[in-house]
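K.L.:
okay, structure incoming, though there's no sequence with it:
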C-alpha cells in the first residue's frame with residue numbers, strides 16, 4: 001500500500017467536471033522544461049472555473065512543497081495558471097491550514113506525489 005497519493009491507488013483518480021470547484025485542492029500535470037516535453041505534477045488550489053463549449057477551464061494558484069515529506073505546501077502568489085480538465089490528475093482531500101509568522105501553509109495527511117521544477 002502506498003503511503004502517498006499514488007495515481008494508480010487513489011480513490012480521487014477520475015475527477016468529473018462537477019467535482020472541480022473554487023477552493024478545491026488538486027494535483028495537476030503541466031508540460032514544461034526547455035523542450036516542453038517534461039511532465040511536472042503540482043499541487044494547486046482552484047481559483048475559478050469557466051466553461052468553453054462545455055469543457056472547463058480551470059484557473060489555479062500553484063503551491064510548492066516546503067519539506068521533504070511532500071505533505072506541507074506554501075502557495076506561490078506569482079504562480080497562477082490555467083489548465084484543462086485533462087490535466088487534472090486528482091482532487092486532493094482538504095488540507096489543514098496553518099499560519100506560521102504570517103506565512104500560510106497547507107498540510108496534507110499524506111505525501112503528495114509531486115514532481116516540481
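P.N.:
Received the coordinates, thanks. If you're wondering where the values come from, they're calculated on a predicted model, not measured in any experiment.
K.L.:
the residue nearest the centre of the chain sits in which helix or strand?
P.N.:
Centroid-nearest residue in the chain: residue 43, 2.5 Å away (criterion: C-alpha atoms, centre = their mean). If you go by DSSP states H and E, residue 43 is part of strand 38-52.
K.L.:
right, and residue 30 touches residue 43 too?
P.N.:
No: counting by C-beta atoms under 8 Å, residue 30 stays clear of residue 43, with 11.4 Å between them. In this view, the C-beta of every residue, glycine as well, is placed from N, C-alpha and C.
K.L.:
let me see the contact set for the closest residue to residue 47 other than its chain neighbours.
P.N.:
Nearest residue to residue 47 in three dimensions, chain neighbours excluded: residue 59, at 4.4 Å (C-beta to C-beta, 6 or more residues apart in numbering). The contact partners of residue 59, by C-beta atoms under 8 Å, 6 or more residues apart in numbering, come to 46-50, 80-82.
K.L.:
what do you get for residue 75?
P.N.:
45, 61-63, 104, 106.
K.L.:
dump those residues to JSON lines, plus pLDDT and distance to residue 35.
P.N.:
Converted to JSON lines, the contacts of residue 75 look like this (pLDDT from 0 to 100; distance: C-beta to C-beta, whole Å):
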{"residue": "45", "pLDDT": "98", "distance to residue 35": "29"}
{"residue": "61", "pLDDT": "98", "distance to residue 35": "26"}
{"residue": "62", "pLDDT": "96", "distance to residue 35": "21"}
{"residue": "63", "pLDDT": "97", "distance to residue 35": "25"}
{"residue": "104", "pLDDT": "94", "distance to residue 35": "34"}
{"residue": "106", "pLDDT": "96", "distance to residue 35": "31"}
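K.L.:
give me the number of residues near residue 54?
P.N.:
6 (other C-beta atoms under 10 Å).
K.L.:
now do the same for it: its pLDDT.
P.N.:
Looking at residue 54, its pLDDT stands at 79.
K.L.:
residue 86 now?
P.N.:
pLDDT, residue 86: 92.
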